[in-house]
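Undergrad: What follows is a predicted structure for the sequence shown.
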8 protein chains.
Amino acid sequence: MNQSQHHPSRASLEGMSSVIIDGVELDLDRQSRCGFPEVVFAQGKSVPTVVEIFSRLTESGQEALATRVSPEQAQALKARFPEALYNCEARTVRLSRETPTRGHVPVVTAGTSDRPVAEEALETLHWMHCGCELIQDVGVAGPKRLLAQLSRFESADAIVVVAGMEGALPSVVGGWVDCPVIAVPTSVGYGASLGGLSALLGMLNSCAANVAVVNIDAGFKAGYLAGMIARRRKTDD
Amino acid sequence: MNQSQHHPSRASLEGMSSVIIDGVELDLDRQSRCGFPEVVFAQGKSVPTVVEIFSRLTESGQEALATRVSPEQAQALKARFPEALYNCEARTVRLSRETPTRGHVPVVTAGTSDRPVAEEALETLHWMHCGCELIQDVGVAGPKRLLAQLSRFESADAIVVVAGMEGALPSVVGGWVDCPVIAVPTSVGYGASLGGLSALLGMLNSCAANVAVVNIDAGFKAGYLAGMIARRRKTDD
Amino acid sequence: MNQSQHHPSRASLEGMSSVIIDGVELDLDRQSRCGFPEVVFAQGKSVPTVVEIFSRLTESGQEALATRVSPEQAQALKARFPEALYNCEARTVRLSRETPTRGHVPVVTAGTSDRPVAEEALETLHWMHCGCELIQDVGVAGPKRLLAQLSRFESADAIVVVAGMEGALPSVVGGWVDCPVIAVPTSVGYGASLGGLSALLGMLNSCAANVAVVNIDAGFKAGYLAGMIARRRKTDD
Amino acid sequence: MNQSQHHPSRASLEGMSSVIIDGVELDLDRQSRCGFPEVVFAQGKSVPTVVEIFSRLTESGQEALATRVSPEQAQALKARFPEALYNCEARTVRLSRETPTRGHVPVVTAGTSDRPVAEEALETLHWMHCGCELIQDVGVAGPKRLLAQLSRFESADAIVVVAGMEGALPSVVGGWVDCPVIAVPTSVGYGASLGGLSALLGMLNSCAANVAVVNIDAGFKAGYLAGMIARRRKTDD
Amino acid sequence: MNQSQHHPSRASLEGMSSVIIDGVELDLDRQSRCGFPEVVFAQGKSVPTVVEIFSRLTESGQEALATRVSPEQAQALKARFPEALYNCEARTVRLSRETPTRGHVPVVTAGTSDRPVAEEALETLHWMHCGCELIQDVGVAGPKRLLAQLSRFESADAIVVVAGMEGALPSVVGGWVDCPVIAVPTSVGYGASLGGLSALLGMLNSCAANVAVVNIDAGFKAGYLAGMIARRRKTDD
Amino acid sequence: MNQSQHHPSRASLEGMSSVIIDGVELDLDRQSRCGFPEVVFAQGKSVPTVVEIFSRLTESGQEALATRVSPEQAQALKARFPEALYNCEARTVRLSRETPTRGHVPVVTAGTSDRPVAEEALETLHWMHCGCELIQDVGVAGPKRLLAQLSRFESADAIVVVAGMEGALPSVVGGWVDCPVIAVPTSVGYGASLGGLSALLGMLNSCAANVAVVNIDAGFKAGYLAGMIARRRKTDD
Amino acid sequence: MNQSQHHPSRASLEGMSSVIIDGVELDLDRQSRCGFPEVVFAQGKSVPTVVEIFSRLTESGQEALATRVSPEQAQALKARFPEALYNCEARTVRLSRETPTRGHVPVVTAGTSDRPVAEEALETLHWMHCGCELIQDVGVAGPKRLLAQLSRFESADAIVVVAGMEGALPSVVGGWVDCPVIAVPTSVGYGASLGGLSALLGMLNSCAANVAVVNIDAGFKAGYLAGMIARRRKTDD
Amino acid sequence: MNQSQHHPSRASLEGMSSVIIDGVELDLDRQSRCGFPEVVFAQGKSVPTVVEIFSRLTESGQEALATRVSPEQAQALKARFPEALYNCEARTVRLSRETPTRGHVPVVTAGTSDRPVAEEALETLHWMHCGCELIQDVGVAGPKRLLAQLSRFESADAIVVVAGMEGALPSVVGGWVDCPVIAVPTSVGYGASLGGLSALLGMLNSCAANVAVVNIDAGFKAGYLAGMIARRRKTDD
């Protein structure tokens, strides 16, 4: 195999810029390198730090998304950026322009307790300007529930499936569709659910070939991956 | 609460009898106490011991079943009891009379690799004189497979569902039927299947209320429980 | 094997009906398909949602059971349905008619700390109109305790055994009886009890053939399975 | 939310067809429903069964891929289908036409021991007619190795990253690129690698947002997902 | 509290002697310090090393015991010490004088597969000149089995209980007796027995207060502890 | 082997008596059967229940010990039994006569945080009228600490060793003494201590032959076992 | 090999001295034996005890460091020793002289949430009079972040790397440098991070040869080891 | 903090060179960047590949070390490089010049079964031209064993401690010395040793501050780290 030893081109080291805010190094080049700006994982950051990061991002013309936002952080962000959207169920604050969406990603939950994780995925998809919709409470033991929704999956570029307990829903959805399924295990359950580990293991062992898995309760990651896939949609779809 | 302090009646201690064969204490009262004779877990027992236990059981007029039988043990049993049935896939030897069956238990597998465990369940059901049938390869990601079989579950007294990997099939079956589902996780799978633990955890977390679980690869136990349930069938069913 | 490829009959897809209440899809067909109405897992649902589900169930002539009910939810249900029964130890609210019972299921605990889980099983059995009784504190290290109760197991259709710590009681009970034992591990214990996992593993490895297992603290599931088994009781028992 | 209750359209239940080969139910509709034919997981299947499945697939005009193929199975397939390609490192047999490829998926390994899993991913991509290339031995502790390959990632639709031990490579790759990374943990390592679990956990906890994970050693799944994503490539890329 | 800071007396550092045999440092003082000579864990030691250790022990007038002995090691020891006793089931070689025994320790097994571990305990007790007997196959699901043996426990100084699977027997025995129970989990079982971990966890969570636990399959340790306890027997017992 | 099938003698079933207090079955025969009265595990019991059990025990002339006592339970017990001793560090209440002690059991801790568990063991030993003393803070990394205490172990009948973190102290103590060591892992530690599991595993794998293990934080069990051993002390010691 | 059997010289047993403070045995010889005084793990110790230990250490002319200090403990120490430094993020109190430093140890974090653990390492290094600096937020998915810092590693004697989540940073740092890397996993993360276990496992499986690992969140240990290594620095560096 | 954003200096990207041998990218710059050449992990590599890597290393004037070498690989290396040293216990082949050593590292084992891992550490230290010696069988339960060796630790720059089972030896050694201890858990043991995990956990929880840990059986890593530390030795030691 011909393994040429070039140096990086698009990701050249010289042109990179960053700013440091109270120990947080904000990666302003990320949009050009990875397609989207850096997202703020707000948990454990001070209120002023979160506000400052939003300021820097908007000053550099980038859209902003914060996840795992506390009510205090949300209040401060809303005070400074009144146009920001706070979704308290998703625990996100989003500052993005209204633009036409591209692609389509259904976000499906097995039960109503999985909704906060699904909302985080939906907010991420909105921030990526990707079309999306929520389909709730499609548990595998309620057999007609999924069948009734199948037509909604036809135009999907990717499907996010959010489930706790045994985590079986991604396998069942995966068998009906021709697009990638991003499975998110949730910590919903008790006893042998082991805080979501059982759902995680179930999803990793899925007998459906088109199921990929992210961390427990990682709604943001699932939405981000699905949005990235949807962006590649063929123009003639 | 009125907790009367009687002494055991049906299970009175005096009348019990047992024989000891090379350290194995054979429980000849088990049929009257528990409804069925003791079953021989052949693994780790010597060939003569297994043959001797079968002799004692038949001499006392009881039917015999051995599980986890090695080819050597099977050969010796067949030599001594030519009418015994050896199922090499199930690894069982069975010595039971032809009688009319009572009840009906479908044994369902998610994939073809789960068949040996299913066969062990089926042999157990035959030994209990319970009607049964095998329904194979009903993976949850092949959506029409289960739907095509639903009519066969209508008269079931209990259903044994055998599945490895994510172990999702019992939940899906459980949602369609009005009888208990005995779920058997199998060690089929690789990597994060953890030798069947992932399937086991999935089944324990089933969102279907009518799913009970036995040990990994425990086809005998699942068949035994299902047979015990089927025996209680109402006469007008 | 003759594997005919019919389409579902009793569970035909066309005739199904459901209603959606704040993201919760209520499965009104469940009673005809599975024998009993859907049970409300109240944890994580809003008070109005829980009340609304009860209303819909009663409007459609079905009996109602809610588990993992908070005091607030219970209060609201009692206000709207004064005839409902709230069992605060079981954390259940039940709305069911007085009818003759069928079958008999003893619910046995190893220790007094296992009682809330046993109560959840008992409430479920009441809701299913199944005869039941509580037998408490039958720890395996108190040898006479179980012997004194054996006569009460004679007419049992199934026995629910609730135990934490080493989870040995189902094995010991299983050896005395001729009916299925539904074992419920509880999170009672400390240190190496691992929140109930040790009891769960012990029960899965039971040397008694008639022991099936449900999730940790899953009193509802155990009661439901036992009730389903008892329903099949032969009329001449 | 408007949740209309249609019945399935594209995936209508009536039109489905399947054949049963020695307990294996072959899903001939899968190509139309999911975009690709069913893939044969050969492990645990008899040689004649594997050959028969290939025959049925080719007779219905579909391309065929078998994974986890034993040398005996491979020999029999090659005898019957001389044009089939056997990759003994990947343990695959593939029967597919030469057609122009669409999309581009680099498959990257952390070390040379990860190659068999990477080969399985590559064979899957070839079978899906997706462009692909192998980039080997890009361990994170050899810092210049990745930098030298960055230009090869620019046109990628998705990247498959295969790594054992600490499983850190997907995070590092993920930070340089604007497409999804499908991470495959391998069982390469010793001691605390726990048969690939440590790599799996590392990948699930990746600090890069664009990393999704499949089962340990699941080269097929990773290739399949990447191929599905690449298929959606915009025509103007 | 008065914590005086003396230096060791009985275990004074100066008087200690040891010999080194091919990297194995033989502790000849152990008998005076700990009451018994060092025991040879033969696994992983060369045949000559094992023989040499036995020679040194006998030369210094000490009795010898080797555990986990391979057939080759046993053969060489028997050739050099014809009076040594090889127990192939226990995998031990023992070289000890015939003397009157002191104390009494029953060794109880739950099933016949637990016998090798029980034999290792018994050989250890013989080497310690402690009275002992084997009581086999007292599974907790065979209820009369234990009751029939209770009289044999009356004079016990300690009881060794050997059990795999759910490991419930020590709890049941513990409730009947007034002496310590040393519980040995075994690796007997399958699936969720996790190589003996489930039995180990069960025993650690025993509801009987007089149960202490040793490592999985550690027959030697259990015998050693029981023998040490029995040695303390009051002369008037 | 001659396995006679007598019925229990000392533990005859007929003579047993018990009382039931709010679902708690108090085993008043335990002292004659097992040598000591039943101990009250107070956690999860109501205040009146705990007081009532103490009353019954004292009325029948037995001494009483309660463990895991809450301050409320302790206060009520002290009000009703002013002579009872409340040890708030041990979380015990004890009601026992002053009598001469028999035997000697040192209780050793690795660090000061292990003291509450040690206190529970000491209270149990006091209740059993066994001589005992506390030796604190003998961590294995402070090498002289243990050496300075060795003389205090000379007359020990058994030693209780309480340690968290790596749980190495029992092995080190075990190598110096000729009596059983009862090891108690504690939940002291952080991170990879896994709530005491690491200490537990270390103790189970002890290279010292005379180390037996009880559950994490099980000071009562360790004291009880040590006291039982000490009771057997030879009169000429 | 010549294994001479001398008695300890530098660590002679006779000369050792210690004091006991409320059960805490303070090891005043540790500085001469191990190079540094004993460090106070304040968690679980009373306020007076912590103050008393500081007094004894300073009276004997030793410097003092306390870790895991509560605000109350810190306040009392500051009141008694106004010159002590309280770092509330590190949860340490330090009492050490200003002296020239020797050696150089960078402390690197993957994310800002890892800072408290890094601060504990830095305080330990200050107390050891070792030069050190903090380099923050060098996540592996932000590729330029590490490259920008490489020059700062050139003069390092050892590097402490603090990371949660997948714990990949030590491997990446290790590949660039010629000194030992002490890796500290942190409990930062969620879901499958398992409280830091995933980071711990990743670091143990590092493909870089120069990575050693300490317990989760063990900033003190990492700083201590790095300081010990730096002390050995060659004078001509 | 002043975080300047330079580009790498010593580790500049331009000057790096590497060669690719059958998919293995050999890092010839590693010696200048990290102080030592790349070491060959031979497991899973073909015989010609291993020989070729040795040739390239020697052609570029570097010394060579291969670990986890099979007998076939060793034979081929010896044929091509007769001066190479094959240590079959360590499973290493080493090709290094005789030069004066610098520094001193004792390698200590708890038991004789730990020797292969110790030998791998020793070979690594020889290859690094670091002085070293083997001290065997210093189990913590043989108390005088360690005390007799203490004088040999006085001049140590670092100590490698190799132990299986409970892994307690590093803590005990750590308390006597003033240098870093590199702890290597081994897979020696049975049952609850969990293949070395128990020893690993014990070492991570060590109460000695100067203990760092590497992967199970990772003799090479421990030797490498110790050698790296010893290299920094002050000239006046």
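TA: Yep, that arrived.

Undergrad: make it CA atoms for all contacts and neighbour counts henceforth
TA: Will do.

Undergrad: where in chain A is pLDDT low?
TA: Across chain A, the ranges flagged by pLDDT under 70 are A:1-20, A:23, A:233-237.

Undergrad: Which residue does chain A have closest to chain G?
TA: Nearest residue of chain A to chain G: A:Ile216, at 4.7 Å (Cα to the nearest Cα).

Undergrad: Number of residues surrounding the closest residue to A:Ile135 other than its chain neighbours?
TA: Spatially, and ignoring its direct neighbours in sequence, A:Ile135 is nearest to A:Val108 (4.7 Å; Cα to Cα, 6 or more residues apart in numbering or on different chains). A:Val108: 27 surrounding residues under other Cα atoms under 10 Å in any protein chain shown.

Undergrad: Please name the residues that touch A:Val108.
TA: A:Ala118, A:Leu134, A:Ile135, A:Gln136, A:Asp137, A:Val138, A:Ile159, A:Val160, A:Val161, A:Val162 (Cα atoms under 8 Å, 6 or more residues apart in numbering or on different chains).

Undergrad: just to revisit the earlier point, tell me the SS of the residue of chain A closest to chain G?
TA: The three-state label given to A:Ile216 by DSSP: H, G, I helix; E, B strand; the rest coil is coil.

Undergrad: One more: A:Thr124?
TA: At A:Thr124 the chain is in helix, as set by three-state DSSP.

Undergrad: List the contacts of it.
TA: A:Leu65, A:Phe220, A:Gly223, A:Tyr224.

Undergrad: what's the closest of the residues you listed to C:Gln75?
TA: Nearest to C:Gln75 among the contacts of A:Thr124 is A:Phe220, at 36.8 Å by Cα to Cα.

Undergrad: Can you tell me how far the closest one is from C:Asn205?
TA: Separation of A:Phe220 from C:Asn205 (Cα to Cα, to the nearest Å) stands at 40 Å.

Undergrad: can you count the residues close to the residue lying closest to A:Gln43 once chain neighbours are set aside?
TA: Distance criterion Cα to Cα, 6+ apart; nearest residue to A:Gln43, sequence neighbours excluded, is A:Arg68 at 5.5 Å. A:Arg68: 19 surrounding residues under other Cα under 10 Å.

Undergrad: same thing with the one 4 residues further on?
TA: If you count neighbours by other Cα under 10 Å, A:Glu72 ends up with 11.

Undergrad: and A:Val173, what element?
TA: Secondary-structure assignment from DSSP states H and E places A:Val173 in helix A:169-174.

Undergrad: Tell me which helix or strand comes right after that helix.
TA: As assigned by DSSP H and E, the chain's next helix or strand after helix A:169-174 is strand A:181-185.

Undergrad: circling back to that earlier point, what's near enough to touch the residue nearest to A:Gln43?
TA: The contact partners of A:Arg68, by Cα under 8 Å, 6+ apart, come to A:Phe41, A:Ala42, A:Gln43, A:Ala90, A:Arg91, A:Thr92.

Undergrad: and the gap between it and D:Glu133?
TA: A:Arg68 is 38 Å from D:Glu133, by Cα to Cα.

Undergrad: A:Arg80 too?
TA: Distance of A:Arg80 to D:Glu133, given as Cα to Cα: 49 Å.

Undergrad: Kindly report the same for A:Leu26.
TA: Taking Cα to Cα as the measure, A:Leu26 falls 34 Å from D:Glu133.

Undergrad: more crowded one of the two?
TA: When neighbours are counted by other Cα under 10 Å, A:Leu26 comes out ahead of the other of A:Leu26 and D:Glu133, with 21 against 14.

Undergrad: Just list whatever residues bridge to the more buried one.
TA: A:Val19 (DSSP bridges).

Undergrad: now for the contacts of A:Val108, which pair is the farthest apart?
TA: Longest distance between any two of the contacts of A:Val108 is 15.0 Å, between A:Asp137 and A:Ile159; criterion Cα to Cα.

Undergrad: which one of the two has more residues nearby?
TA: For A:Asp137 versus A:Ile159, the count of surrounding residues by other Cα under 10 Å is larger for A:Ile159: 28 against 24.

Undergrad: Give me the phi and psi for that one.
TA: Backbone torsions of A:Ile159, given as degrees, to the nearest 10, read phi -130, psi 130.
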